[in-house]
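**Student:** all I have is the shape, not the residue letters:
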């Protein structure tokens, strides 16, 4: 039996969605604010979340961003009154799997829930990223290079994961800053160069190439 988390502060809508899902053999939990929604979502106890954007506390965009930053792959269907293209694009690019606007028909929501659950069931979870003799275990958060186990700091882990997910691609300092440190970090900082040097020291200098005037690349 699939477990659905409903993050919705409007009691009437939450009750409507909950009753409909329960009538179709789903187990449901309702979170009435963003803080509770995030707390539930990171437990790993749910198979999908229906997420409103206009939540008290953390809003839906913040919940979604923090979930994806924590590498939580829980499928998320956004259900919101916001219907602008800008909001839709921001939600989908921010990690939402689907976007529905209110008012809505329950039959459509149910179809989308079932589709996302089928898609998630077919996609095997990737737990180890590899490049040659370098590997990164996403569960233990440890790297192995030439049969050596390498301990990483939290930022080093996220940075190495970024390179491993984009092999051969040149990543600019701005791209790395926004992914690893967030958009509010000072773009004039040399923090990216500092962490790239730290990874080279731990993993070997050949692992990361400098592309002058552009950024860095994992060959």
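**Tutor:** Now that the structure is in, tell me what you want to look at. Quantities reported herein were computed from a predicted structural model and do not represent experimental measurements.

**Student:** just checking, next helix/strand downstream of the helix or strand hosting residue 87?
**Tutor:** Assigned by DSSP states H and E, residue 87 falls within helix 85-93. Going down the chain from helix 85-93, the next helix or strand is strand 98-101, by DSSP H and E.

**Student:** mind giving me the packing neighbours of that following strand?
**Tutor:** strand 76-80, helix 85-93, helix 106-122 (3 or more CB pairs under 8 Å, 6 or more residues apart in numbering; DSSP states H and E). Yep, even glycine has a C-beta here, placed from its N, CA and C like the rest.

**Student:** parallel or antiparallel, list what pairs with that strand.
**Tutor:** Next to strand 98-101 in the sheet, as set by DSSP bridges, lie strand 76-80 (parallel).

**Student:** distance between the strand it pairs with and the chain's centre?
**Tutor:** Distance, stretch centre to chain centre, for strand 76-80: 15 Å (CA atoms, centre = their mean, to the nearest Å).

**Student:** next, format the helices and strands packed on strand 98-101 as TSV and append mean pLDDT and mean neighbour count.
**Tutor:** Formatted as TSV, these follow (pLDDT from 0 to 100; neighbours: other CB atoms under 10 Å):
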stretch	mean pLDDT	mean neighbour count
strand 76-80	95	23
helix 85-93	90	13
helix 106-122	90	14
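
**Student:** make JSON lines from the ones you listed and add distance to residue 20 to it.
**Tutor:** Formatted as JSON lines, the helices and strands packed on strand 98-101 follow (distance: least, CB to CB, whole Å):
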{"stretch": "strand 76-80", "distance to residue 20": "12"}
{"stretch": "helix 85-93", "distance to residue 20": "22"}
{"stretch": "helix 106-122", "distance to residue 20": "5"}
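
**Student:** tell me the average confidence for stretch 58-67?
**Tutor:** Here stretch 58-67 scores 93 as its mean pLDDT.

**Student:** stretch 21-34 too?
**Tutor:** For stretch 21-34, mean pLDDT rounds to 95.

**Student:** other residues contacting it?
**Tutor:** Residues outside stretch 21-34 that contact it (CB atoms under 8 Å, 6 or more residues apart in numbering): 1-9, 11, 14, 17-18, 37, 39-40, 46, 55-60, 62-63, 110, 113.

**Student:** show me the strands in this structure, by range?
**Tutor:** Secondary structure of the chain (DSSP state E): strands located at 3-7, 27-31, 48-51, 76-80, 98-101, 128-131, 134-137, 142-145, 148-151, 209-211, 215-217.

**Student:** what's the last one in contact with?
**Tutor:** Pointing back at strand 215-217 there. Counting by CB under 8 Å, 6+ apart, 163, 168-173, 175-176, 192, 196, 208-211 sit against strand 215-217.

**Student:** of these, which belong to helices?
**Tutor:** 163, 173, 175-176, 192, 196 (DSSP state H).

**Student:** mind putting the residues you listed into a markdown table with distance to residue 71, pLDDT and neighbour count?
**Tutor:** Formatted as a markdown table, those follow (distance: CB to CB, whole Å; pLDDT from 0 to 100; neighbours: other CB atoms under 10 Å):
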| residue | distance to residue 71 | pLDDT | neighbour count |
| --- | --- | --- | --- |
| 163 | 15 | 93 | 23 |
| 173 | 23 | 88 | 17 |
| 175 | 18 | 85 | 16 |
| 176 | 17 | 88 | 21 |
| 192 | 20 | 92 | 22 |
| 196 | 21 | 96 | 20 |
